[in-house]
Structures are given as structure tokens and as C-alpha cells.
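Q: Return a 3D structure for these sequence lines:
(2 chains)
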Protein chains: 2
Amino acid sequence: MTASAHDSPVRQAALEAREASRTLATLSTDAKNALLLDLARAVRSNQTPILEANRADVASASNLTEAKLKRLRLTEASLEQLAAGLEQIAALPDPVGEVTDERTVPSGLRVVRARIPLGVIAMIYEARPGVTLDAFALAFKSGNAVLLKGGRESARANSAMASLARGLLRDHRLPERALTDLSHLSREDVRELLTLSDLIDLVIPRGGEELIRAVVEHSRIPTIQHFKGVCHAYVHAPADEAQAVNICVTAKAGAPATCNALECVLVDARLAPSFVPALVRAMQGAGVEVRAEARAAALARGAGLAVVDAAPDDFGREFLDTIVAIKVVDGLDEAIAHVHRFGSNHTEAILTRDEAAAEQFVRRVHASCVVVNASTRFNDGFQLGLGAEIGISTSRLHAYGPMGLEELTTRRFIVRGAGQTR
Amino acid sequence: MTASAHDSPVRQAALEAREASRTLATLSTDAKNALLLDLARAVRSNQTPILEANRADVASASNLTEAKLKRLRLTEASLEQLAAGLEQIAALPDPVGEVTDERTVPSGLRVVRARIPLGVIAMIYEARPGVTLDAFALAFKSGNAVLLKGGRESARANSAMASLARGLLRDHRLPERALTDLSHLSREDVRELLTLSDLIDLVIPRGGEELIRAVVEHSRIPTIQHFKGVCHAYVHAPADEAQAVNICVTAKAGAPATCNALECVLVDARLAPSFVPALVRAMQGAGVEVRAEARAAALARGAGLAVVDAAPDDFGREFLDTIVAIKVVDGLDEAIAHVHRFGSNHTEAILTRDEAAAEQFVRRVHASCVVVNASTRFNDGFQLGLGAEIGISTSRLHAYGPMGLEELTTRRFIVRGAGQTR
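A: Numbers count the residues shown, from 1 in each chain, chains lettered A, B, ... in the order given. Reported below is the predicted structural model:
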């Protein structure tokens, strides 16, 4: 698996990352943290060139939507946040080498199971330049090399930040190929990248559903999938209705386009007559459009509130906007059946004072995160105590839910004997 | 995700398995163990019909090699072993519900991370009828439904055993679709099965490299890969040479065609003059053909031993036979470089009295299991204390090394609050 003149540029890059990963796997925690802290300093002292590169990206990205432009744009504040994030990653415990099991088996062998890096990770993301250093830092701290294919619209800023990191890796006498910026890769080259299962251990697509589907479709490498978050809150009687309204409204209006935002409220018929009007009033007060199924719509209209009739495809839909669907259900079983049918394995909440019902919901509902009496928006690596997050997986293999440093490692066995045979 | 008249038979089977998996995920440990113990009894009391079905399979499998016929054939002894295996699985701890992390985060939320089943697992395997109940039992104990596509040559015995299990599931009022026998599926149907990523959570191919490559090539579902085991033993000076010879010979001759069998011995040049002749003599005494690289061949011939000259492709090769390759290397670095180049991420061993060298080898070598002073053949779920094994993964995602019950589960978050929002 050494490079040869016949290797394509993409394969060559992956080979060099694989080579670098062998050294990265054996670095001390101190060496990794020193690099990350220097990188935080460098981001602060190089704001001007990074922002200039970003301005040039923005200037030539003429045909982007306003939402996409907003994600593309860097500011002094966002760079400071990035630098602070690097310091936080340096402060997190190093997962590499952690022993998770240790036992002496009947043959007398001492068996240890310990964490090692995955190896080489390819991140494929849209025009969000901050991801470049964020993803590098998480991969580096967990001992992995990264291939970063960011959106071409942010190629200049990606390249400026990647150069900064590469320069510091050189200064620290660490393998430069810990990070490879592939923003310029063509679509065909990305397809080739996705076939290199002998050199790349994991692909993480981060972006819209279309990007993720395209990556999953073409990848021959294990891929962490996170298609979308269709999160429900089921309000079960008896509930603290004021608290439930507050949770639902903030879970939608606070950040309507995030994957952990609330998309649909299921209301137990027993409390619907009071709860539906209160919820609709509060949602509309927060600027949220309410799309109500027939029974919920009737209750709202009975209270003099105008609501939109929900279309069948408003259920199971990630609105990515200030829109919420509401439906009345006849108790726990119907709520769970609705979630089974329309949920996306992301986040599901129950809001109730009935502890037995809450435990049934937790036991029977399928999602990476099941929440009792709190907002769906807590399904987030920082909020759940992982310290950081590289994405949220909605598929069950390897990682389910937010992925922190630990999820960028795997475990292997180390066996020590005294001549045992079998 | 309910069945409709438009669903193909394969999709229909997967839908029913998905439906069953929801109930299986919530079964008590006692209910699962009671079924497994009854199944063990049923295997013992139904030996005659199972063996008859197997004899009919063997009779019509005219064009199989002797090795394949041997794997196809069931005996009273192998059925007794199967029954005892079911009892062992019943005795293992239930991984479902196990809490692996528990903390209160700054927002006051109580965050629990707990094991849940993967959901629906498809096993694709060759004509080894015992796998049918073995795989069912492991999947069932870990709360998963299984779709079993065994080799068509063993269809009658697979079906007899599957019926036994299904009958007991009915008697216990458990979902029958916990197990679906798909031995009769055509190649096209298997391809369709491998696209059902909305219904199947994991595919485990078990068999030869060709089978695994075909499954990986076509699967759109996460697939646990285990291509082959090219296991090395590096004998580093100083070593207990007699012990090292014994380990190497038994690791090859004991079970030459298993994936954890030894394929190549790397001998430190410092002890090669005494070790190579001793090793060659012992290997040949155990009926193993030795293929030696030039330096090793010269040492063997100098001691009057005839060896075969190794061809370049004898390195990195899984012989699956009583053949071993031998090479002299100039110390640890060359041994590690050889393993990096030719290893298969399965099992790598170092045999030495030099503890510092052993630790370097452990740190730098990549394999699901790194062994010091013992046989490579210990990379096995039972031997490493997992209690059972459904296969050995050589890819790093989700599980690396032997997969027991725990590896058939994933973890999700359960968050309990008191009205928290963000």
C-alpha cells in the first residue's frame, strides 16, 4: 500500500493520509493538545487573511440563497468562536488508549480491550468554512487523519485555514497529512474517493439530505448517515400544560431549521380541548405557522384561532422553517404508532406527569435520543455531555445520536500470554 | 412502513421482521432465556427429522468439494453441540437495557446512555446449517429479528430448524417473525434484500472471500466485513525459542483453514540461525509445507532441510491449508512494515522476552487483536471472554474483532428533565 506513479491524485492523497494516520495513532495527548492550542492562537492572529479569503469566496458565490450565504460568511465573532472551540477540544479527555474492558480468561490470557483511532476519515460538507478546522480538531484529537472535501464556494477560506493547520503541523514536526484539503475536488474525483475502502475507514457527509443521499449512494466505505430530524413531542395527560407549551414553542421557534427542532406535536385527546388552543396561540405568537389535522383544527377554530389544514405530507416532514404540524391522538399507543410511522430515528419527546406512560414511551419508541419533559433541542453533543460533536447519526451502526471524540475511535483487543496455544 | 399489496415477497419478509423487532426489543431476559432453553430441548428431541433433512440435502449436493460437504453434514454430535451452544447463550448476560453512561449535565438534565438492539439483522452464509439456530439465538438474545439466507444446498435442514424455532416462538406467544428462513431466495432476491436500508439495520455475510465481496459490493445496508485473516507471528530476540516454535506450529497445524490460523512467521535476523531450522523442522514434522524467502531458505538448507522458495504472492496470502511462509527480517521496524503492508487487520502476534519491543509492536501494529506470547488462534469470541461469536470483523466501524451479543446492540440516549428548554 505504498504510493506509485500509477496512482491517481485522489488515491495519492488518501495513501498519504493513511501513512500519516499511523503516526497520529501513536501521538501523546500532550503533543496533540499543544498543536490544538497553537492552532487556536493562530486562528486569532490570522483573522485578517482568513476573513479576506472568505470575502473573496462570498464575492464570487453569486448564485447562493441567503441562508447558504449566511453559512458561508465568516466574521471576527465566528472565528473567535472557532478558536474557543479548538481550546475546548484540547481540554477534552483523549479517548485513544482508554481501556474499556480488562479480564483474565480461563486460558490464563490477560485480555484488554482498548480504544484506537478509526484511521482515515473523509468529511464531505457544504460551504461552511468553519467545519474545516472543527472537523480537523476532532479527528486529530482522536488520532485520525482527515480528508476534507468542503463546498467549492468556500474553497479560499478552507484553503487558508488548512494551510494554517498544515504549517503548524510542520512546526510541531507532526505529519502534515493529518489534514488534506480537497475542496477543489471534482464530482468524479469525489466518486473515486468514495471507492477507496482500502485506505479510508469512515465517510461523514454533513449537509442537506440531497448531499447525504448522494454520498450514501456512491460510497463503498462505511458511512455515517444522518438524513433528517423529524422530531415529535407527545403531550400526554396529565401534563404541566404551561410547561409543555413552553417546551414545544421554544423547540420550534428557537432554531427552526436545525435537525433537533420540533416538527410535530401530538396531543392526547384528553387534554386537547384546553391544550390545542393554548399551543396554537403561543406558536402563532412566536411567529410559527400551525398546520393542524382535522380534530386539532376544529379545536383551534372553536377558540377563534385561524390555522392551516395539514396536508397528509405535512406529517413526517422536516419543515426547516417556522412551521409546525399538530395532531390529536387517542392516547399513548396511537402516539407511538405515529412516531413509528413518521419518525426519523432522531429525537422523540414525551411531555407528561404520568411517569408510567413516560417509561412506556421510552421503552417503545425508536430514536437516537428519547426525551422526557424537556426540549428535543437537547439532542446535541455539547448538551448531552460529549464535549463536542462532529454530527448526529440516525443509523444504528457504530454510533447512534451525537458523535463526539469517542465515536471517532474503535476498540481492539490486546492479548498477553505466557506461551498459550490452542 | 406497513405492508401493502405492492410489496415484493422479499420486502414483505423484511417488513414483517421489522414489525417483530419492535416487540423483541422490549422482551424480558427471562422470556428470551425460556425460549432458548426450550429450543435446546427441541433440538435434542428432534434429532431424527433434522438429520433426515440434512441427509437429503447431502444426497442432492452432488457437486460440492469434500471440505464443503464436511461443513454441510450434521451429526448427532454436532446437534448436541448446537443444543449446548443455545444453553450457553441463554446463560450469558442480556446486553439490552444495560446503562453504559449516566450523568447529570449542567442544564440539570439526567442523561443515560443505554443499550438497545440493532433491530433487523440479515445473515448471509454458506451451506453450514448449524449457523441457522446459532445466528438466531445470538440475534434473539440481543433483541434482534433475523433474516437468514443460508446456502441453498442446506435448505432442507435450515428449514427444519427454522420451523422448530418458529413453532416454539408461537408456543411462547412471541413474534414468529423473529426468524425468517430465506434459504430459497434467488440471487436477484438477495440483491433486492441488500437494498432495503429502511427495514434492515445490519448485514453480516459469513463465508468465503468471494461471498463477502459480492455482498459488500451490492449492499446499501451497513455491512460487517471480514474478508480474510492473514495473521503473522514475529519472533523477536530474545525469545523463548522452544515456546515460540510451539506457538507457531500449533497456530498453523491445529486448524489450518481458520481465519485466525498463522500464515507467515517473521524471524528476527539475530535469532534466525538457530530459530529457522528449528521452526522448519517442527513445521514439517507437523505436516506443514514451508515456503521460505531467500534468507530463511538459505538457513534451512544450511541445516539440511528442504524448503520451497516463497513466491512474492506467498506473502499477504491466506493459504487456508497446511502451508506457512517464513521470512527473516532485520528487527522490529521491518517486521512492523511487513505487517502494515501484508496484514489484514485480523490478528498479529509478537513472540519475545523483550517487553519494550512487545509494547512497541502492540502500539504500532494495526489489527483487531494484537497478541503477545500466545497463539493467533485466541482471536475468537469464546476465547476472549465474549461468551459467543457471530463473526469476526476486520473493519473498524461498529465492531473490530469478534462480535458477541454486545456487538449486536447499539446505544441510545435517554434524557429526563423538568421542563428544560434551550
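Q: so residue A:61 sits right up against residue A:126, yeah?
A: No - counting by Cβ atoms under 8 Å, residue A:126 is not a contact partner of residue A:61; they are 11.7 Å apart. Glycine gets a C-beta too; all of them are placed from N, C-alpha and C.
Q: Next, show the common contact partners of the two.
A: residue A:68 (Cβ atoms under 8 Å, 6 or more residues apart in numbering or on different chains).
Q: how far is the strand ranked longest in chain A from where the chain is centred?
A: Looking across chain A with DSSP state E, the single longest strand is strand A:409-420. How far strand A:409-420 lies from its chain's middle: 32 Å, per Cα atoms, centre = their mean, to the nearest Å.
Q: Identify the residues contacting it?
A: With contact meaning Cβ under 8 Å, 6+ apart, strand A:409-420 is reached by A:95-96, A:100, A:107-118, A:142-143, B:240, B:243, B:246-247, B:362, B:367-375, B:378-379, B:384, B:396-398, B:400-402.
Q: Now with 7 Å, please.
A: A:95-96, A:100, A:107-118, A:142, B:240, B:243, B:247, B:362, B:367-375, B:378-379, B:384, B:396, B:400-401 (Cβ atoms under 7 Å, 6 or more residues apart in numbering or on different chains).
Q: Mind checking which of the residues you listed are in strands?
A: Short answer: the contacts of strand A:409-420 in strands (DSSP E) are A:100, A:110-117, B:369-374, B:401.
Q: Whichever strand or helix holds residue A:22 to strand A:110-117, inter-axis angle?
A: Taking DSSP states H and E as the criterion, the element that holds residue A:22 is helix A:9-24. Compare the direction of helix A:9-24 with that of strand A:110-117 by axes from the mean of the first three to the mean of the last three Cα atoms, to 10 degrees and you get 130 degrees.
Q: Could you pull out the buried residues of helix A:9-24?
A: A:10-11, A:13-22, A:24 (16 or more other Cβ atoms under 10 Å in any protein chain shown).
Q: Name the residues that touch it?
A: So helix A:9-24 is in contact with A:1, A:3, A:7, A:117, A:119-120, A:143-145, A:147, A:175, A:177-178, A:180, A:182, A:189, A:192-193, A:196, A:199-200, going by Cβ under 7 Å, 6+ apart.
Q: any low-confidence regions in chain A?
A: A:1-5 (pLDDT under 70).
Q: Break down it into its helices, ranges please.
A: For chain A, applying DSSP state H gives helices covering A:9-24, A:29-45, A:47-60, A:66-72, A:76-91, A:130-141, A:155-171, A:187-193, A:209-218, A:241-253, A:272-285, A:294-302, A:332-342, A:355-364.
Q: Who are the packing partners of the second one?
A: Judged by 3 or more Cβ pairs under 7 Å, 6 or more residues apart in numbering or on different chains; DSSP states H and E, the packing partners of helix A:29-45 are helix A:76-91, helix A:130-141, helix A:155-171.
Q: what does the second one contact?
A: What it means is helix A:130-141. Residues outside helix A:130-141 that contact it (Cβ under 7 Å, 6+ apart) are A:32, A:36, A:39, A:43, A:78, A:82, A:85-86, A:89, A:92, A:94, A:121, A:123, A:125, A:146, A:148, A:150, A:158, A:161-162, A:165, A:178-179, A:206, A:388, A:390, A:405, A:408.
Q: For PyMOL, what selects the buried ones among those?
A: Listed next is the PyMOL selection for buried residues among the contacts of helix A:130-141, using 16+ other Cβ under 10 Å:
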select buried, chain A and resi 32+36+39+43+82+85+86+89+92+94+121+123+125+146+148+150+158+161+162+165+178+179+206+388+390+405+408
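Q: And the residue of the stretch 251-400 of chain A that's closest to chain B?
A: residue A:374 (2.9 Å; Cβ to the nearest Cβ).
Q: what bridges to that residue?
A: Legend: beta-bridge partners of residue A:374 under DSSP bridges are residue B:420.
Q: Output the set of residues of the stretch 201-350 of chain A in proximity to chain B.
A: Residues of the stretch 201-350 of chain A that fall close to chain B, judged by Cβ under 7 Å from any Cβ of the partner chain: A:201, A:202, A:222, A:240, A:243, A:246, A:247, A:250, A:251, A:254, A:341.
Q: rerun that using 8 Å as the cut-off
A: A:201-202, A:216-217, A:220, A:222, A:240, A:243, A:246-247, A:250-251, A:254, A:340-341 (Cβ under 8 Å from any Cβ of the partner chain).
Q: Now, of those residues, which are buried?
A: Buried among these (16+ other Cβ under 10 Å): A:201, A:202, A:216, A:222, A:240, A:243, A:246, A:247, A:250, A:251, A:340.
Q: Just list the residues touching the residue nearest to the third one when sequence neighbours are not counted, thanks.
A: Leaving aside its chain neighbours, residue A:216 sits nearest to residue A:223 (5.5 Å; criterion: Cβ to Cβ, 6 or more residues apart in numbering or on different chains). Residues in contact with residue A:223 (Cβ under 8 Å, 6+ apart) are A:202, A:203, A:204, A:205, A:215, A:216.
Q: And residue A:364, by the same measure?
A: Residues counted as contacts of residue A:364 (Cβ under 8 Å, 6+ apart) are A:336, B:22, B:26.
Q: Make JSON lines from the residues you listed and add distance to residue B:422 to it.
A: Formatted as JSON lines, the contacts of residue A:364 follow (distance: Cβ to Cβ, whole Å):
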{"residue": "A:336", "distance to residue B:422": "26"}
{"residue": "B:22", "distance to residue B:422": "31"}
{"residue": "B:26", "distance to residue B:422": "31"}
